[in-house]
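Trainee: need coordinates for the following:
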Amino acid sequence: MFHELVERNRDHPNISWRGRFTDACIEVRSDGESHFLRLDKNGVSISDTRPDRPVTFTLAASAAAWRELTGAEPRPGLQSLSAMRRTGHMTLTGDHVAFYQNLMALELLFSLSRPRPLKAPPGLDKPSIDPIVGRYLNMDFQGRPHRIYFEEAGQGIPLICLHTAGSDGRQYREILNDPAITANYRVVVFDLPWHGKSSPPAGFQDEIYELTTDGYVAIVMAVKEALGLDNPVIMGCSIGGRAVLHLALRHGRDLRAVIGLQSALYAENTIDGEPGGLRSIHRPDIHGPELSAALMVGVIAPQSNSTDCWETLWHYMQGGPGVFMGDLNYYFTDGDMRNGLADGIDTNLCPVHLLTGEYDTSATPELSRQLAEDINATSFEVMKGMGHFPMSENPEGFRGYLLPVLERIAT
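Mentor: Residues are numbered from 1 along each chain as shown. Alright, predicted model coming up:
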């Protein structure tokens, strides 16, 4: 299995390119048997004989788990190396920093080399322009001038969309382009400060970015007021899926409804199953945005097509230094709702609809189901064959779950 995998991917340009800057010997253990991957300037190679050099780190899993990882449709939790670590199917020993430095190359070799569904390119006889308008909103926020970038399309009920940690509003491109949605909804997507095209405020170089509950709720409501969005629906994913809970709690009277994608009361303060992994995404000896993307491979469903999967990862590769980690301060710590606050959410006052992908190893279907029960959610559904980024990794499949919710809210 491992030899075939290496043979099939030894000439992959992005594995070879990364190998030029590393020299790692990786032991891959499978039911007590060891194989040794070499990643260096010559690309990737494998041997069954222990080399005459130290092993950099060891990855150990059962033979059944390795087979499922490289198979066509692994079960949730076995779709990538980082997912296997998070769910306990694989253990890492040795140099953890070297593991993170080489994680993208390893995911390219293992999970990202798995054949994915193909997405048919759009048939364009001539150039076309998306029906999306992008503008900048200049406003004071918390005593500082900000220039907030937002895009919008459609007319009708305002629908504000909140992107995930470390990414930006491009995740909702397909929502903005969907005439079945924009016929009845004015879709507004903005980049949080420090994200996408919303640059940090002046003086950012002298501070560390950290997202807090108060700050997140305040910026959403400030944008709502500045754009005159009366009684909107707010849909958020991941950190946005948590934020809609805080918004329903604090401002439910001002909202028509909220839609939580990948919502849960909390998430374990770990990256890749390891508490120290959070610090690895902002180290001077690790390319933080690329590592962020490599880690996100672990929460994308194997059924998602290659084009949308890689575009989702590309957004993470472009994040600013320390921004993803600053967002996770809210996701893991400041925004934790196991303190009983969620009990105050009145779903009769502000309906709460929850949609969760089955392949999410962070906000798992089990955590979302528990949330739905705790707050008496208006609706809850597990989305089959989807992961943490339904609107961007599988927009065609996602709209089948979203449209009935939007129709229910509209009526």
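Trainee: what's the single longest helix in the protein?
Mentor: helix 395-410 (DSSP state H).
Trainee: buried residues, it. List them.
Mentor: By 16 or more other Cβ atoms under 10 Å, the buried positions in helix 395-410 come out as Pro395, Gly397, Phe398, Arg399, Tyr401, Leu402, Val405, Leu406, Ile409. Where you see a C-beta, it was placed from the backbone N, CA and C, and this is true even at glycine.
Trainee: could you verify that Met139 is part of a strand?
Mentor: Yes. Looking at Met139 with DSSP: H, G, I helix; E, B strand; the rest coil, it is inside a strand.
Trainee: quickly list what it is bridged to.
Mentor: Under DSSP bridges, the beta-bridge partners of Met139 are His146.
Trainee: now do Gly94
Mentor: Phe57.
Trainee: wait, a strand at Leu159?
Mentor: Yes. Assessed with three-state DSSP, Leu159 lies in a strand.
Trainee: for it, give me the pLDDT.
Mentor: You'll see Leu159 listed with a pLDDT of 98.
Trainee: now the two most distant members of the buried residues of helix 395-410.
Mentor: In the buried residues of helix 395-410, two members sit farther apart than any others by Cβ to Cβ. They are Gly397 and Ile409, at 20.2 Å.
Trainee: may I have stretch 234-250 as CSV, with CA atoms only?
Mentor: Extracted C-alpha coordinates of stretch 234-250, given in CSV (Å, rounded to 0.1, in the frame of the first residue of the first chain):
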residue,chain,number,x,y,z
ILE,A,234,-27.5,36.0,10.2
MET,A,235,-25.7,32.8,9.0
GLY,A,236,-22.3,31.9,10.3
CYS,A,237,-19.9,29.0,10.0
SER,A,238,-17.5,27.7,12.6
ILE,A,239,-16.6,30.7,14.7
GLY,A,240,-19.5,32.3,12.9
GLY,A,241,-21.6,29.4,13.9
ARG,A,242,-20.8,30.2,17.5
ALA,A,243,-21.2,33.9,17.0
VAL,A,244,-24.8,33.5,15.8
LEU,A,245,-25.6,31.9,19.2
HIS,A,246,-24.2,35.0,21.0
LEU,A,247,-26.1,37.2,18.7
ALA,A,248,-29.3,35.4,19.3
LEU,A,249,-28.7,35.7,23.0
ARG,A,250,-27.9,39.4,23.1
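Trainee: what's the mean pLDDT across that stretch?
Mentor: On average, stretch 234-250 scores 98.
Trainee: same question, stretch 364-374
Mentor: For stretch 364-374, mean pLDDT rounds to 97.
Trainee: chain center to it: distance?
Mentor: Chain-centre distance of stretch 364-374: 19 Å, with Cα atoms, centre = their mean, to the nearest Å.
Trainee: keeping just the C-alphas, turn it into CSV.
Mentor: Provided in CSV are the C-alpha atoms of stretch 364-374 (Å, rounded to 0.1, in the frame of the first residue of the first chain):
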residue,chain,number,x,y,z
THR,A,364,-19.1,17.3,15.4
PRO,A,365,-22.6,16.3,14.7
GLU,A,366,-22.8,15.0,18.2
LEU,A,367,-21.9,18.4,19.7
SER,A,368,-24.4,20.2,17.4
ARG,A,369,-27.1,17.7,18.3
GLN,A,370,-26.5,18.3,22.0
LEU,A,371,-26.7,22.1,21.3
ALA,A,372,-29.9,21.7,19.4
GLU,A,373,-31.4,19.8,22.4
ASP,A,374,-30.1,22.2,25.0
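Trainee: circling back: same for the longest helix of the chain, what does it pack against?
Mentor: strand 157-162, helix 173-176, helix 179-182, strand 257-261, strand 352-357, strand 379-383, helix 390-393 (3 or more Cβ pairs under 8 Å, 6 or more residues apart in numbering; DSSP states H and E).
Trainee: for His246, which of those is the nearest?
Mentor: His246 sits nearest to strand 257-261 of all the helices and strands packed on helix 395-410, at 9.8 Å, using Cβ to Cβ.
Trainee: name the surrounding residues that touch that closest one.
Mentor: Strand 257-261 is contacted by residues 233-238, 240-242, 244-245, 247-248, 350-356, 368, 371, 378, 390-391, 402, 405, 409 when judged by Cβ atoms under 8 Å, 6 or more residues apart in numbering.
Trainee: let me know the next secondary structure element after that strand.
Mentor: helix 277-280 (DSSP states H and E).
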